[in-house]
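Enquirer: Provided below are the primary sequence and the corresponding predicted coordinates.
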Amino acid sequence: MTTADNGTTENSATAFFEAWQDMIRKSTEAWSQAATGFGGFAPPNPGASPFGASSFAGFPFGAFPFGFPPGAGAPGSVPFTPSFNPADFMQMWQRMFETWQSQWMNSQSGETQPPSIEEAQRQWARYLETMAATFSEVMTTEEFSQALGKYMEQGLAFQERTAKQVNPQINSMLRAYNLPSRSQMDRMFARIIGMEEKLDDLEDEIRKLRSELSASRRPQSSRSRTARSSATATGAAAEEGEPA
Amino acid sequence: MVNSTEYASQFQQEAQQQWQRFQAMFDAFVVNPADPPAEVTPYEVIWKRGNTRLLRYGSRDRETLGMPYLIVPWLGISRTYVLDLLPGNSMIEYLVNQGHDVFLLDWGVVGEEDRELGFEEGVYKIIPRAIERALEASGASEITLNGICLGGTLSAAYLALHPDAPVRNFVAVVAPIDFEHGGMFRTWLDERYFPADLIVEHYGSLPSVLMNTGFKMLRPTLEAQAMAGLWSNATRPGYIESYKAMSRWANDFVAMPGRFFRQLSKNLYGKNEMIRGEFLVNGRAVNLSRISQPLLVAAASQDYIVPAPAARSLMDVVSSEDKEFVELPGGHISVFSGRQAHQTLWPKINEWVSARSN
């Protein structure tokens, strides 16, 4: 492990961080420009173009090769909100890196290079802490919440459109093989739960009647509050008991 | 300035340490990759409905303190076996060993069929029935109710809507009540932006994948920090086993029922209706001032999911005369399942409940 004075360490760390920050900034700018060139995340309605081939904007994360049938609309189209500006993300990340840089530099002030692997590990832990603090600061902003909401809306819209096109085919295939569809299974489960509910009600009634009956037969008896063995009736009722 | 002899000695020492760590990691993840078994305390199923089960812990013939201790954990999100994770690192095992008659309302793995499961069903059907069955099984007339995380919110709503419930004591652990202090989730679930309705319409629930993403986003560096901690502590006895158990649990997310998620995101995180007494369940307002049981509220000082003020607010709205608030070291999960819980939360609960169980 080489030793260096504080100035050297800080300067090299700063230079490295700035170079890295610059690289991220440039790639984010390039990415933003590319995304803006394609019309942002929310694509135009490619209904007029059966394969959506005029641009690759049909899919929020990049190219969607299969397109949509005429009139089907596209993810991000009505009824969902219009596109958001990718530059918002750019600004958000820029802010994050700036915050992170300042926090990291503050935490590094007055320190030398790590004298041992142990110290290097501790520095790494502090580095992660500053990163966590920065993420936390950025992600508690309203801008992040807004961007997250729109991102999810558009992802869901895409899935919804896809499901609408694919589900009828899946359902007809399941019918051909005489298999139940997901919605049919859901209905069946709902009915089973309803039946379980009714059975619970009946069981409650039976318990109530049984306890009234035993109370009328043995008015002097009382239940122990401490011994678990007094609860054998309930234990017997636990037909579905499954010891771990 | 370090001389060359000292430097060589340090280097040798560190190389040896790193080699020992590597050996421990290789042994734990390559030679013996299996996870340690979960759910260490024996239990029996007392009642079952759909995916929900009521579990009773400990052997049938043992002597107990008498009053059942019913744990109502969070609904959806993750599995409840974190409460019974490893021998010696299990809240349930600890309470059983202290003589408590422990019951757990395990919501199970939420499925498509649970999409309509919300506060209504939880508060008016499932929790009352679980209490009834626990009382019958134990032969007691009252219970101690322990709500953890959103289970505490559900339990508080239950007690507010059933003031004559057979509940002697109420223990709320990291239970969010004032969602104004709801941390990052409060920002993300802003009803102006977050498409809660669309998610529920599309999936029927909040799927486990989204749940996983949401919780990982809360602390994006957590995995890296955990890995760094693992390497540093790899040679500590029991550390890797504990890491493996916790890591498995932390990646074992389950969906949240659609109805419950809609209420949580819109009514609670969105409008903060619970603390204001405006939250309606089956048309009835949840008025927390109707809770009069002795109350213990526990919060965690490093909890970024339910920050301490969100949990503490229950103290200000109930009408209980006997109430206590404790803020303990740890995070949202580690406060009740971490290594330090053995010295902090568990003894506190044991002492507080035991004093109020006669």
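Expert: Nice, thanks for sending it over. It should be emphasised that the depicted structure is a prediction, and the values quoted were computed from it without experimental measurement. Residues are numbered from 1 along each chain as shown, chains lettered A, B, ... in the order given.
Enquirer: I figured B:Gly330 hits B:Ala341, correct?
Expert: Yes: between B:Gly330 and B:Ala341 there is a contact under CB atoms under 8 Å: 7.1 Å. To be clear about C-beta, it is placed using only N, CA and C from the backbone, and glycine gets the same treatment.
Enquirer: Find the residues that touch each one of those two.
Expert: Residues touching both B:Gly330 and B:Ala341 (CB atoms under 8 Å, 6 or more residues apart in numbering or on different chains): none.
Enquirer: Which strands border the helix or strand harbouring B:Leu296, and is each parallel or antiparallel?
Expert: For B:Leu296, the host element (DSSP states H and E) is strand B:295-300. Using DSSP bridges, the strands paired with strand B:295-300 are strand B:167-173 (parallel), strand B:323-328 (parallel).
Enquirer: after that strand, next one along is what?
Expert: Next element after strand B:295-300 (DSSP H and E): helix B:308-312.
Enquirer: so where's the stretch 51-200 of chain B shaky on pLDDT?
Expert: Nowhere does the stretch 51-200 of chain B drop to pLDDT under 70.
Enquirer: the helices in it, which residues?
Expert: Taking DSSP state H, counting those that start in this stretch as the test, the helices found in the stretch 51-200 of chain B are B:91-97, B:119-121, B:127-138, B:150-161, B:183-188, B:196-203.
Enquirer: Single out the most deeply packed of the ones you listed.
Expert: Across the helices of the stretch 51-200 of chain B, averaging neighbours per residue (mean count of other CB atoms under 10 Å in any protein chain shown) puts helix B:150-161 on top, at a mean of 25.
Enquirer: export it as CSV, just CAs?
Expert: Provided in CSV are the C-alpha atoms of helix B:150-161 (Å, rounded to 0.1, in the frame of the first residue of the first chain):
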residue,chain,number,x,y,z
LEU,B,150,-49.4,-3.2,9.0
GLY,B,151,-50.8,-5.9,11.3
GLY,B,152,-50.6,-3.2,14.0
THR,B,153,-52.7,-0.9,11.8
LEU,B,154,-55.2,-3.6,11.2
SER,B,155,-55.3,-4.5,14.9
ALA,B,156,-55.8,-0.8,15.9
ALA,B,157,-58.7,-0.6,13.5
TYR,B,158,-60.1,-3.8,14.9
LEU,B,159,-59.9,-2.5,18.5
ALA,B,160,-61.3,0.9,17.6
LEU,B,161,-64.3,-0.8,15.9
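Enquirer: near chain A, which residues of the stretch 151-300 of chain B?
Expert: B:184, B:187-188, B:190, B:192-195, B:198-199, B:202, B:204, B:217, B:219-222, B:224-225, B:228-229, B:231-232 (CB under 8 Å from any CB of the partner chain).
Enquirer: Apply 7 Å and report the result again.
Expert: With CB under 7 Å from any CB of the partner chain as the criterion, the stretch 151-300 of chain B meets chain A at residues B:184, B:187-188, B:190, B:193-195, B:198-199, B:202, B:217, B:219-221, B:224-225, B:228, B:232.
Enquirer: Break chain A down into its structural domains.
Expert: A:6-176, A:186-213 (automatic domain parsing).
Enquirer: mean pLDDT for those domains: which is lowest?
Expert: The stretch with the lowest mean pLDDT among these is domain A:6-176, at a mean of 63.
Enquirer: what's the distance between B:Ser208 and B:Asn251?
Expert: Remark: distance between B:Ser208 and B:Asn251 (CB to CB, to the nearest Å) = 10 Å.
Enquirer: more crowded one of the two?
Expert: Ranked by neighbour count (other CB atoms under 10 Å in any protein chain shown), B:Ser208 and B:Asn251 place B:Ser208 first, with 18 against 12.
Enquirer: quick one, what contacts that one?
Expert: B:Phe253, B:Val254, B:Ala255 (CB atoms under 7 Å, 6 or more residues apart in numbering or on different chains).
Enquirer: And the pLDDT for the second one?
Expert: Meaning B:Val254. Listed pLDDT for B:Val254 reads 94.
Enquirer: from what I can see it touches B:Val110, true?
Expert: Yes: in terms of CB atoms under 7 Å, B:Val254 counts as a neighbour of B:Val110; the distance is 5.4 Å.
Enquirer: The closest residue to B:Ile275 other than its chain neighbours: neighbouring residues, count only.
Expert: Closest residue in space to B:Ile275, ignoring its immediate chain neighbours: B:Asp178 at 4.5 Å, by CB to CB, 6 or more residues apart in numbering or on different chains. Neighbours of B:Asp178 under the rule other CB under 10 Å: 21.
Enquirer: who's in contact with B:Asp178?
Expert: So B:Asp178 contacts B:Asn272, B:Ile275, B:Pro309, B:Ala310, B:Ser313 (CB under 7 Å, 6+ apart).
Enquirer: now, the most widely separated pair of those residues?
Expert: Across the contacts of B:Asp178, the longest distance by CB to CB is 12.5 Å; it joins B:Asn272 and B:Pro309.
Enquirer: ok, back up a step: show me which of B:Val254 and B:Val110 is the more surrounded one.
Expert: B:Val110 (26 against 23).
Enquirer: what's next to the strand holding B:Leu296, contact-wise?
Expert: With CB under 7 Å, 6+ apart as the criterion, strand B:295-300 contacts B:170-174, B:308, B:311-312, B:314-315, B:318, B:320, B:323-328, B:330-332, B:335, B:345, B:352.
Enquirer: Repeat that for stretch A:177-192.
Expert: A:Asn171, A:Leu174, B:Glu112, B:Glu113.
Enquirer: so which of the residues you listed comes closest to A:Phe144?
Expert: For the contacts of stretch A:177-192, the nearest to A:Phe144 is B:Glu112 (31.0 Å; CB to CB).
Enquirer: burial of the closest one, as a residue count?
Expert: By other CB under 10 Å, neighbour count at B:Glu112 equals 17.
Enquirer: got the contact list for it?
Expert: So B:Glu112 contacts A:Asp186, A:Phe189, B:Gly204 (CB under 7 Å, 6+ apart).
Enquirer: Could you report the distance from it to B:His202?
Expert: 12 Å.
Enquirer: ok, what's across the strand from B:Ala172?
Expert: B:Gly147, B:Val297.
Enquirer: just checking, it touches B:Met315?
Expert: No: using CB under 7 Å, B:Ala172 is not in contact with B:Met315; the gap is 9.3 Å.
Enquirer: Out of those two, name the residue with the larger neighbour count.
Expert: B:Ala172 (30 against 17).
Enquirer: so who does that one touch?
Expert: Here B:Ala172 is in contact with B:Gly147, B:Gly152, B:Ala156, B:Leu295, B:Val297, B:Ala311, B:Leu314 (criterion: CB under 7 Å, 6+ apart).
Enquirer: so what pLDDT did the fifth one get?
Expert: At B:Val297 the predicted local distance difference test score is 98.
Enquirer: any idea how far it is from chain A?
Expert: Per CB to the nearest CB, to the nearest Å, B:Val297 is found 25 Å from chain A.
Enquirer: Tell me how far that residue lies from B:Glu191.
Expert: With CB to CB as the criterion, B:Val297 and B:Glu191 are 27 Å apart.
Enquirer: same deal with the first one?
Expert: According to CB to CB, B:Gly147 stands 25 Å off from B:Glu191.
Enquirer: Could you do the last one as well?
Expert: From B:Leu314 across to B:Glu191, the span is 23 Å (CB to CB).
Enquirer: Quick check on the two: which one has the bigger neighbour count.
Expert: Remark: of B:Leu314 and B:Glu191, B:Leu314 carries more neighbours, 28 against 15, as counted by other CB under 10 Å.
Enquirer: Pop out the phi and psi values for the closest residue to the more buried one other than its chain neighbours.
Expert: Nearest non-adjacent residue to B:Leu314, counting by CB to CB, 6+ apart: B:Ile177, 4.5 Å away. B:Ile177 adopts backbone torsions of phi -120, psi -50, taken as degrees, to the nearest 10.
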